[in-house]
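Asker: The sequence and its predicted three-dimensional model are supplied below.
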Number of protein chains: 2
Amino acid sequence: MEMIPIKTTESEYNVYVGKGLRFRVGELLPKNYDNIWVIADDEVAKFSYVQDVLTSFRKDKSVYTSNIPAGEQSKSFAQFESLHTDAIKYGLDRHSVIIALGGGVVGDLAGFVAATYMRGIDYIQVPTTILAHDSSVGGKVAINHPLGKNLIGSFHQPSAVIYDLETFQTLPQKEWRSGFAEVIKHAWIADETLLFSLMEHVSSLEDMNHSMLQNAIKRGIEIKANIVAQDEKESGVRSYLNFGHTLGHAIEASLGYGKITHGEAVVIGMLFALRLSEKTFPVSFPTERFLNWLQDLQYPFTIISELDIDQLLNRMKHDKKNSQGNIRMVLLEGIEQPTLKAFDEATIASELKVFQNEVNR
Amino acid sequence: MEMIPIKTTESEYNVYVGKGLRFRVGELLPKNYDNIWVIADDEVAKFSYVQDVLTSFRKDKSVYTSNIPAGEQSKSFAQFESLHTDAIKYGLDRHSVIIALGGGVVGDLAGFVAATYMRGIDYIQVPTTILAHDSSVGGKVAINHPLGKNLIGSFHQPSAVIYDLETFQTLPQKEWRSGFAEVIKHAWIADETLLFSLMEHVSSLEDMNHSMLQNAIKRGIEIKANIVAQDEKESGVRSYLNFGHTLGHAIEASLGYGKITHGEAVVIGMLFALRLSEKTFPVSFPTERFLNWLQDLQYPFTIISELDIDQLLNRMKHDKKNSQGNIRMVLLEGIEQPTLKAFDEATIASELKVFQNEVNR
């Protein structure tokens, strides 16, 4: 088991990464909570994970569970309200804790419920996806608005993150791809060695054994924690973590949440950001090699040509990084050298057209 | 104009109290915001206040307005979602500011929208009720759940509070009474001189001239700011500000929000807490004189006997101060000496029965 300590201005907590940790959630809790509320999604409930976690608690605890449908659709106002109703009916108080068991969706939703129930209670992330290595660090929690992703939320730090690598074994390929995308992102913005090591050694997702995965996730968490520590409220360098996300979010929203995974959309967004970086700065990346590698890993690229550019632009304009009507993108002046750059709508529109053609050659 | 500086761990801001300040909102803004979104309620919109505030902004600003129905009913999930939709449609970004123009309902709701839109933007309180002198300091923002008041919310400090005493002149008597109740509460928990001065000199609400009112509000804000500074997240002494609120909230919820004003319900709650304090501690208060004075001011007391005790208890059990199933009440060991005390359900039930009979003699 690896333990990565995370410091924020408001709190300190530990991220635990290892095998079989779902059986040890009870002992790894940072406080002696009386009421424990486990929120899991349907996908997780298919396996024995909820039961495994429940057996880890002492018998004198009051334990409650709520299930939500798997998928981005659950990050809705309706689901948010429904979980609050559960919390009240269970009689939870300010000293209760929420265990968010599942992927990024459960983490974001249960975290936002924790941030707002009685103006804030503790929550613990127990991620079951690779993707959640990203969302479980940094305290960003949110639900979606029909007009844009993650537009309603807060900053609420977890009290611990408990990672069980074994739960990744049951991940569908799409989810593996989705989570692996954020590892790739962390490599581009902060770890050139990791980037080339991944491109070199991972020729299919099955290639990744436990130790490679543990290392990649640990590096991802460290990179993210380091950036978040510098900028908790996302006013500066933290926005670099949005590399690939401006277009990525727009693709997800245009297709309707759930049609493409988050990471699959972000991979397309990263490639667009790399192309735009090469046109904006005197820099050149191995983008052909990168694209070929991603295609071998079966990331879906052709979908970009099916999308309407006006609709994408409209979504990109609602991005939280924007200021004064421009579209702000995270670009790279080099590997490990992210920067923010504002573009007007017309420029992005024409670049998107070029990109659609390029990807479809 | 009085300026009261407020310090919190997260931020510092000023509270301005004076006549005609609604015409000076633009100049008193702490930052040069490009997008300004004024949220007001129907009651405020009846007067020229929205227009008065709008004329205070420089012509080069983009200014948007949203109206909400007056009353506690607006602190709903539906209204919360609807305002977020407005924000997105207006194209507001993270550097925009919300002006919450109105009473506590607008402050709580618009403040919670500010706390959660894009994970938090600035907001300015421009209270038009006496009651809001209380809710506008401390950063507590929330909406209601059908099962309990203020159960969904956050802590989000305003960037300024701008108080125009002139707007109180158009307040209905019920609202005067409601706001004055919180002044009385601040006096009980922290200013014996103010308490006896009010009981001595205020024999009807019309008695209060501008300077008495300005002083009472200033003292109320100072008392509240002092307590909040000691305990921003309401884990300790801040709960003293809930004096009268445990039963008060339950009365409001049992009657259905809007049937009785917040302060009217809190006054009944304070009287109950005083009676319970006298039974719990070796202390005696001028409760008869206090009750007579309040009845002269036309606070409604008989309503308590119409309420079902089981229903009240059920509401009191959902109070955020509770822990481990007990009902925690703020009592007084003496004037200016608040303390927290836990009771079991049966005790509160029998005390409520006694109280119903006492008040109805």
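Answerer: Here it is on my side, so go on.
Asker: Now do the nearest residue to residue A:69 once chain neighbours are set aside: how many residues are near it, please.
Answerer: If the residues on either side of it in the chain are set aside, residue A:69 comes closest to residue A:42, at 5.5 Å by CB to CB, 6 or more residues apart in numbering or on different chains. Using the backbone N, CA and C atoms, a C-beta is placed for each residue, glycine as well. Using other CB atoms under 10 Å in any protein chain shown, residue A:42 has 13 other residues around it.
Asker: in what helix or strand does residue A:162 lie?
Answerer: strand A:160-164 (DSSP states H and E).
Asker: for residue A:275, that is, sorry about that
Answerer: helix A:262-280.
Asker: same deal with residue A:56?
Answerer: Secondary structure assignment for residue A:56, by DSSP H and E: no helix or strand.
Asker: ok, it - contacts?
Answerer: Counting by CB atoms under 8 Å, 6 or more residues apart in numbering or on different chains, residue A:56 makes contact with A:22-27.
Asker: And the residue lying closest to residue A:250 once chain neighbours are set aside, what's its pLDDT?
Answerer: In space, and not counting its chain neighbours, residue A:250 is closest to residue A:315: 3.7 Å by CB to CB, 6+ apart. Per-residue confidence at residue A:315 stands at 90 (pLDDT).
Asker: Just after the strand holding residue A:162, pick out the following helix or strand.
Answerer: Note on strand A:160-164: by DSSP H and E, the next helix or strand toward the C-terminus is helix A:173-190.
Asker: send the alpha carbons of the helix or strand following that following helix over as PDB?
Answerer: Counting by DSSP H and E, the next helix or strand C-terminal to helix A:173-190 is helix A:192-201. The C-alpha coordinates for helix A:192-201 follow below in PDB (Å, rounded to 0.1, in the frame of the first residue of the first chain):
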ATOM      1  CA  GLU A 192       7.900  13.800 -20.100                       C
ATOM      2  CA  THR A 193       9.600  10.600 -18.900                       C
ATOM      3  CA  LEU A 194       6.200   9.100 -18.000                       C
ATOM      4  CA  LEU A 195       4.800  10.200 -21.400                       C
ATOM      5  CA  PHE A 196       7.400   8.500 -23.500                       C
ATOM      6  CA  SER A 197       7.500   5.400 -21.200                       C
ATOM      7  CA  LEU A 198       3.700   5.000 -21.700                       C
ATOM      8  CA  MET A 199       3.900   5.400 -25.500                       C
ATOM      9  CA  GLU A 200       6.800   3.000 -25.600                       C
ATOM     10  CA  HIS A 201       5.500   0.200 -23.400                       C
END
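Asker: what pLDDT, on average, does helix A:192-201 get?
Answerer: 93.
Asker: Between helix A:192-201 and whichever helix or strand comes after it, find me the angle.
Answerer: Next along the chain after helix A:192-201, taking DSSP H and E as the criterion, comes helix A:210-230. Orientation check (axes from the mean of the first three to the mean of the last three CA atoms, to 10 degrees): helix A:210-230 against helix A:192-201 gives 150 degrees.
Asker: got the angle between whichever helix or strand comes after helix A:210-230 and helix A:173-190?
Answerer: Next in sequence after helix A:210-230, counting helices and strands by DSSP H and E, comes helix A:245-255. If you take the same axes, to 10 degrees, helix A:245-255 sits at 160 degrees to helix A:173-190.
Asker: Now do the same contact list for residue A:334.
Answerer: Contacts of residue A:334 by CB under 8 Å, 6+ apart are residue A:283.
Asker: Not counting residues beside it along the chain, what's closest to the residue in the stretch 251-361 of chain A positioned nearest to chain B?
Answerer: Nearest residue of the stretch 251-361 of chain A to chain B, counting by CB to the nearest CB: residue A:320, 4.5 Å away. Nearest-residue entry for residue A:320: residue B:118, 4.5 Å, with adjacent residues in sequence omitted and distances by CB to CB, 6+ apart.
Asker: thought that neighbour was touching residue B:91?
Answerer: No: using CB atoms under 8 Å, residue B:118 makes no contact with residue B:91, being 11.8 Å away.
Asker: Of those two, which one has the most company?
Answerer: Per other CB under 10 Å, whichever of residue B:118 and residue B:91 has more neighbours is residue B:118, with 26 against 14.
Asker: Would you list the phi and psi of residue A:117?
Answerer: Here is the backbone geometry of residue A:117 (degrees, to the nearest 10): phi -70, psi 120.
Asker: my read: it touches residue B:154, true?
Answerer: No: judged on CB under 8 Å, residue A:117 makes no contact with residue B:154 at a distance of 10.2 Å.
Asker: and these two? which has more neighbours close in?
Answerer: Taking other CB under 10 Å, residue A:117 and residue B:154 do not tie; residue A:117 has more neighbours (26 against 21).
Asker: quick one: pLDDT of that one?
Answerer: In this prediction residue A:117 is given a pLDDT of 98.
Asker: contacting residues around it?
Answerer: Counting by CB under 8 Å, 6+ apart, residue A:117 has contacts A:84, A:87, A:92, A:98, B:151-152.
Asker: Between the residues you listed, identify the one with the most neighbours.
Answerer: residue A:98 leads these on contacts (other CB under 10 Å) with 29 neighbours.
Asker: For that one, give me the backbone phi and psi.
Answerer: Residue torsions, per degrees, to the nearest 10, at residue A:98 are phi -100, psi 130.
Asker: my guess is it meets residue A:39, correct?
Answerer: Yes: the pair residue A:98 / residue A:39 is scored as a contact, 6.1 Å apart, by CB under 8 Å.
Asker: quick one: common contacting residues for these two?
Answerer: By CB under 8 Å, 6+ apart, the residues touching both residue A:98 and residue A:39 are A:110, A:113.
Asker: Name the residues of the helix holding residue A:275 that are buried.
Answerer: A:262-277, A:280 (16 or more other CB atoms under 10 Å in any protein chain shown).
Asker: Can you dump the C-alpha atoms of that helix in PDB for me?
Answerer: Listed next in PDB are the C-alpha coordinates belonging to helix A:262-280 (Å, rounded to 0.1, in the frame of the first residue of the first chain):
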ATOM      1  CA  HIS A 262     -15.000  11.600 -20.400                       C
ATOM      2  CA  GLY A 263     -11.400  10.400 -21.100                       C
ATOM      3  CA  GLU A 264     -12.200   9.500 -24.700                       C
ATOM      4  CA  ALA A 265     -13.500  13.000 -25.300                       C
ATOM      5  CA  VAL A 266     -10.500  14.500 -23.500                       C
ATOM      6  CA  VAL A 267      -8.000  12.600 -25.700                       C
ATOM      7  CA  ILE A 268      -9.600  14.200 -28.800                       C
ATOM      8  CA  GLY A 269      -9.400  17.600 -26.900                       C
ATOM      9  CA  MET A 270      -5.700  17.000 -26.200                       C
ATOM     10  CA  LEU A 271      -4.900  16.300 -29.800                       C
ATOM     11  CA  PHE A 272      -6.700  19.500 -30.900                       C
ATOM     12  CA  ALA A 273      -4.800  21.400 -28.200                       C
ATOM     13  CA  LEU A 274      -1.500  20.000 -29.400                       C
ATOM     14  CA  ARG A 275      -2.200  21.000 -33.000                       C
ATOM     15  CA  LEU A 276      -3.300  24.400 -32.000                       C
ATOM     16  CA  SER A 277      -0.100  24.700 -29.800                       C
ATOM     17  CA  GLU A 278       2.100  23.900 -32.800                       C
ATOM     18  CA  LYS A 279       0.400  26.700 -34.800                       C
ATOM     19  CA  THR A 280       0.600  29.200 -31.900                       C
END
